[in-house]
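Q: turn this into a model:
(one chain, ligands or ions: 1)
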Amino acid sequence: MKTVIEPYRSRVVEPLRMTTREERERYIREAGYNPFLLLAEHVLIDLVTDSGVSALSTRQWSAMHDSDESFTGSRSFERFREAVKALFGHAFVIPCHQGRAAEHLLARAVIRPGDVVFANTHFATTRENLEEEGAEVRDLPIAEALDPTSPHPFKGDINLGRLEAGIAEAGPRARMVILTVTDNSRGGQPVSLGNVRAAREICRRFGVPLWLDAARFAENCYLVKLREQGYAQKAPREIARELFSLTDGVFMSLKKDALGNTGGLITLDDPAWAEAIRARLLVSEGIPSAGGLAGRDLESLTVALGEMLDEGYLAHRVASTRRLGEQLAAAGVPVVTPFGAHAIYVNGRAFCPHLPNEQLPAWSLSVALYVHSGVRTWETGNVMQGRHDPATGAWQWPDLDLLRLAVPRRVYSQSHLDYAAEAVVELFQQRSSVRGLRFVYRPASLAQFVATFEPA
Ligand SMILES: Cc1ncc(COP(=O)(O)O)c(C=O)c1O
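A: Below is the predicted model of the structure:
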């Protein structure tokens, strides 16, 4: 059978509300042309993120009812810790409230001013947390990752030649190497296990720890199964165990692949780093057996650590995201290929060639798409990654200016995604009507969450 069906059915539903074009024009104007600042009830289909918005399973809800909310030493944490250890294999398990909290704890605990941190691509919050502690961060993507249509199957790979040269040059300042799996900022592209193994070999040689930002490791492992030689017969969990065995530590948001509405995690082997992180945890997050999470959060996450690696679930997820991408590609919409698992990315500059970088093509497209259809999306491009030098007024634009259609897990049906595809295609057919925007208010960092704009 060719039909892609959801491997679950609904027992609880949440109504969606249609709005008119006139209403949406008003809502987005009132939100300063920032889709982040819209009220969610004014959005029809919300593809702004796949983070913290998953639908929970009956098993997760059932486990949450059986939670232990004791202040310390709770049964819920013990279950969580055992499940994490069995999967990740590291000695220490440190929970926290979300991914950027994990990054903050790690950066505060181990970064010294002048340290150099290397990654395939640092996610925006990772970069900010490291830079706040005085680190110099270096992104080392492979050349193919900069070409939105290169067919390379693992565009999340780190550039091994540049990594080796960079570590050698940084000497004792080389603090750690991070592989973001999958590489969210560059189109949700996976990292191959061959690349992880080679990066580990370099790290071992120079005595530099190798870490993962593992927010989407399950999807990465399923794409390894599909695309990397030697993995077709392996279960996603087996691939994940192999992946983690190559690392010294993992930090991750549990709000993505781990199907949590909240949650973050650090697992690692180094006792000195673990002690330093726990000391920070006590100050800013909570006690070591909770990290600011409720017992019911931990229960829900423990169940999810099994569900997220279910092969039928992952097969559907990859197939349904691919179908969305194929619908866009078939209509000529410039999309990043090969398709990842959590989102489809549209090349903003190619979609809106009439808009210069200053008029923020992908951001303007996101606003136009909302007005056209009620579909909300997220830019990962000029607004999110552009750097502005206030002294000279000069801009440094990122390699890619992308619009991301992120697919929440287990939330929308195929017809919702078909509607979103149709909306993008309709807008593409009248793309010269997309009006450029310019900043009205731009904060010094993480602009996308609070910046406001006006028509250019
Ligand atoms: C790759 C990656 N790392 C870290 C984070 C931050 O996680 P959180 O949103 O839970 O703080 C995100 C969030 O989108 C992400 O995509």
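
Q: outline the domain layout of the chain.
A: The chain is divided into the following domains under automatic domain parsing: 21-50+311-455, 58-307.

Q: could you dump those domains into TSV and include mean neighbour count and distance to Thr3?
A: Every residue, glycine included, has its C-beta placed from N, CA and C. What follows is the domains of the chain, written out as TSV (neighbours: other C-beta atoms under 10 Å; distance: least, C-beta to C-beta, whole Å):
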stretch	mean neighbour count	distance to Thr3
domain 21-50+311-455	19	9
domain 58-307	20	20
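
Q: can you lay out those as JSON lines showing mean pLDDT and distance to the ligand?
A: Putting the domains of the chain into JSON lines (pLDDT from 0 to 100; distance: least, C-beta to the nearest ligand atom, whole Å) gives the following:
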{"stretch": "domain 21-50+311-455", "mean pLDDT": "96", "distance to the ligand": "7"}
{"stretch": "domain 58-307", "mean pLDDT": "97", "distance to the ligand": "2"}
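
Q: what's the closest of the ones you listed to Val12?
A: Counting by C-beta to C-beta, Val12 lies closest to domain 58-307 out of those; the figure is 9.4 Å.

Q: and that closest one, end to end?
A: 11 Å (C-alpha to C-alpha, to the nearest Å).

Q: for Arg280, pull up the helix or strand it's in.
A: For Arg280, the element it lies in under DSSP states H and E is helix 271-284.

Q: ok now that helix, how far from the chain's centre?
A: The gap between where helix 271-284 is centred and where its chain is centred comes out at 25 Å by C-alpha atoms, centre = their mean, to the nearest Å.

Q: now for it, which elements pack on it?
A: Of the remaining helices and strands, those touching helix 271-284 by 3 or more C-beta pairs under 8 Å, 6 or more residues apart in numbering; DSSP states H and E are strand 92-96, helix 99-110, strand 264-268.

Q: and it with strand 264-268, angle?
A: 160 degrees (axes from the mean of the first three to the mean of the last three C-alpha atoms, to 10 degrees).

Q: now for Gln396: which residues touch it?
A: Listed by C-beta atoms under 8 Å, 6 or more residues apart in numbering, the contact set of Gln396 reads 386-389.

Q: pull the most distant pair out of these.
A: In the contacts of Gln396, the most distant members under the criterion C-beta to C-beta are Gly386 and Asp389, with 10.9 Å between them.

Q: need the overlap of contacts for those two.
A: For the pair Gly386 and Asp389, residues contacting each of them under the criterion C-beta under 8 Å, 6+ apart are 395-396.

Q: and the helix or strand Arg317 falls within, what does it pack onto?
A: When elements are assigned from DSSP H and E, Arg317 belongs to helix 311-330. The contact analysis (3+ C-beta pairs under 8 Å, 6+ apart) places helix 311-330 against helix 217-227, strand 343-347, helix 414-429.

Q: hey, C-alpha coordinates of it in CSV?
A: Below are the C-alpha coordinates for helix 311-330, written out as CSV (Å, rounded to 0.1, in the frame of the first residue of the first chain):
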residue,chain,number,x,y,z
GLU,A,311,10.5,1.8,14.0
GLY,A,312,6.9,2.1,12.7
TYR,A,313,6.6,5.6,14.3
LEU,A,314,9.9,6.8,12.8
ALA,A,315,9.1,5.3,9.4
HIS,A,316,5.8,7.2,9.3
ARG,A,317,7.4,10.4,10.5
VAL,A,318,10.0,10.4,7.8
ALA,A,319,7.5,9.4,5.1
SER,A,320,5.0,12.1,6.0
THR,A,321,7.6,14.9,6.2
ARG,A,322,9.0,13.7,2.9
ARG,A,323,5.6,13.8,1.3
LEU,A,324,5.2,17.4,2.3
GLY,A,325,8.6,18.2,0.8
GLU,A,326,7.8,16.3,-2.4
GLN,A,327,4.6,18.3,-2.9
LEU,A,328,6.6,21.6,-2.7
ALA,A,329,9.4,20.3,-4.9
ALA,A,330,7.0,19.1,-7.5
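
Q: tilt between that helix and helix 414-429?
A: Between helix 311-330 and helix 414-429, the angle comes out at 20 degrees (the same axes, to 10 degrees).

Q: what angle separates helix 311-330 from helix 217-227?
A: Going by the same axes, to 10 degrees, helix 311-330 makes 70 degrees with helix 217-227.

Q: which residues touch helix 311-330?
A: For helix 311-330, with C-beta under 8 Å, 6+ apart as the criterion, the contacting residues are 4-7, 218-219, 222-223, 226, 235-236, 307-308, 335, 337, 339-344, 346, 405, 407, 409, 414, 417-418, 420-422, 424-425.
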